[in-house]
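Q: What follows is a predicted protein model with its sequence.
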Amino acid sequence: MSETGFRIFNSVFSAGAELTYAVLLTAFFKPFIPSQGRKWRRLLIVFFVYILFEIVCNRAALPQGSFGLILTALLLAVSKWIDLEKPFVFLLTLLYFNARISSGLMVQSLYFIVERSVPYRLEPPEAVFLRAAFLVMLFLVSHAAMLAVMLYALQRQMRKQCMTLHRRELCYISLVPTAGILFGQVISRLLVEFKDGVLLQLYERHPAFLAVIPVLALLFYAGAYLTIAFQQGMAVLREEQSALYAEHQQTQAIRARIHEAEQFYTRIRQLKHEMRGHMTNIKALAGRGEYASLEDYIARMDESINDFELTLQTGNPVTDVIVNDIRRQSLDLGIRFQVEFHYPDPGAYDAFDVGIILQNLLQNALEACEKVSEGERFIVLTGKRKGRFFLIEVKNSFVGEVVFGQDGLPVTTKKEDASLHGIGLANVRREAEKYMGELELRTNQREFSATVLLQERGN
């Protein structure tokens, strides 16, 4: 290879290296960018931010180590356009550079060994240029391949479980990759030095570092990987604890409703027993002609009977109490509440399980309707049996946009209890799965629909 050919190769190589690293960064971001809309535009933003800044960085001759900082700042600035939260963009960029530097140090040690293995000849010059071109090309291909594998492993682990990156979690996860980047920056300065016009290489002066540095680089990468896995495990544990707490609260609420229903029907039986005495008193007052006292007595009886009134009869004491309670709350909030719910024959379905389903669906509907303008609020509850199946459906009005998460459940809009988001509907889904059923959620303009299908269990 001639000197002119080597210069052309060097220019093409530099451009190819920039494109390679830009593609790897974009591919690393790809799975985490939402697919709604035109995803390719967001990916192009990441790609061109890297390419344009790489060009500017080379021309401006920025100090070593500043490239990553400025690129991170630019990606944070365009986070709105790529539809990712800034903490997550920061973490992805940090992990990318940690993997890039760690893989670079590991490949560098292999490059040093290969370079010493390939024969070096001063003559002819074409052989020198060809040898140099071969080695740098080998380094780029090896580095790109190792970096791609490391980024894929990180990407795959991060996709297993979504993480909520609050400030504390972000600082915790960032510690190891930041240390790995700083370690790489220090070592890269020590790999090659010029002293009194003599080229000094770290691996020549300290051969033991040929094994130590790649191992340390791998440990920094593995530390970042394991930190993410550990944080995901902690997130799953917190979700399970929150779910258990919410389930306990709901269980206590349902038991309280059952107790209320038992007390209600006990009082009904007591009232029926007392009716004989009331009829005797009414006859006595009517017989003596004390009509004013009789009218007052009947009025007091009417008031006491109203206390026992359950407007809606569903066919089960537990569901009666739940549905009537939601009805009373709906009337207070100006919500049109329509019910066509008939509890199936006893024995096929546990009233406790059906109560949990109704309580969660109706409570969610009630909260959604509170945000709707008055006059447009409605809740429709239906429950019908069809053969061996029992269908429960709740429709309600809502405003805004419903975004479904990876679990198929709506993402909460409540920042203060984000850790509890979707637990109510998750409990509904779990109850449905007890009966080999399913939960289906749909939106149609300004109507949200939740449908639960239960299958009768065999004895």
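A: Ah, there it is.

Q: Excluding chain neighbours, give the residue nearest to residue 353 in space.
A: Once flanking residues are discounted, residue 353 sits nearest to residue 431: 5.0 Å by CB to CB, 6 or more residues apart in numbering. Where you see a C-beta, it was placed from the backbone N, CA and C, and this is true even at glycine.

Q: Which strands or helices does the helix or strand containing the one you found pack on?
A: Residue 431 belongs to helix 423-434 when assigned by DSSP states H and E. Using 3 or more CB pairs under 8 Å, 6 or more residues apart in numbering; DSSP states H and E, the elements in contact with helix 423-434 are helix 209-287, helix 351-369, strand 438-444, strand 447-455.

Q: The last one versus helix 423-434: what angle between them?
A: With axes from the mean of the first three to the mean of the last three CA atoms, to 10 degrees applied, the angle from strand 447-455 to helix 423-434 works out at 30 degrees.

Q: can you tell me which residues contact the closest residue to residue 139 other than its chain neighbours?
A: Using CB to CB, 6+ apart and skipping the chain neighbours, the partner closest in space to residue 139 is residue 111 (4.9 Å). Residue 111 makes contact with 135, 138-139, 142 under the criterion CB atoms under 8 Å, 6 or more residues apart in numbering.

Q: Those residues in strands, which ones?
A: Assigned to strands by DSSP state E, none of the contacts of residue 111 qualify.

Q: quick one: residue 295 from residue 282, how far?
A: 11 Å (CB to CB, to the nearest Å).

Q: Give me the more crowded residue out of the two.
A: Between residue 295 and residue 282, counted using other CB atoms under 10 Å, the more crowded position is residue 282 (14 against 10).

Q: pretty sure the more buried one is touching residue 297, no?
A: Yes. Contact criterion CB atoms under 8 Å: residue 282 and residue 297 qualify, at 6.8 Å.

Q: Got the phi and psi for the residue of the chain most remote from its centre?
A: No residue in the chain sits farther from the centre than residue 288, which is 75.5 Å out by CA atoms, centre = their mean. Per-residue torsions, residue 288: phi -90, psi 0 (degrees, to the nearest 10).

Q: Can you give me the neighbour number for the closest residue to residue 359 other than its chain neighbours?
A: Leaving aside its chain neighbours, residue 359 sits nearest to residue 322 (5.6 Å; criterion: CB to CB, 6+ apart). For residue 322, the count of nearby residues is 26 (other CB under 10 Å).

Q: what does residue 240 give?
A: Number of residues near residue 240 (other CB under 10 Å) recorded here: 10.

Q: Residues in contact with stretch 28-46: which ones?
A: With CB under 8 Å, 6+ apart as the test, stretch 28-46 has contacts from 25-26, 75, 78, 81-84, 88, 92, 95-96, 151, 154-155, 158-159.

Q: Just these: which are in helices?
A: 25-26, 75, 88, 92, 95-96, 151, 154-155, 158 (DSSP state H).

Q: low-scoring stretches of the stretch 51-200 of the chain, by residue?
A: Where the stretch 51-200 of the chain drops to pLDDT under 70, the residues are 57-65, 118-123, 125-126, 128, 194-199.

Q: And the helices in it, which stretches?
A: Under the criterion DSSP state H, counting those that start in this stretch, the stretch 51-200 of the chain contains helices at 66-77, 86-117, 125-158, 167-191.

Q: Compute the inter-axis angle for the second one and helix 125-158.
A: Translated: helix 86-117. Angle, helix 86-117 to helix 125-158, by the same axes, to 10 degrees: 150 degrees.

Q: Buried residues in helix 86-117, which are they?
A: Residues of helix 86-117 classed as buried: 87-112 (neighbour count, 16 or more other CB atoms under 10 Å).
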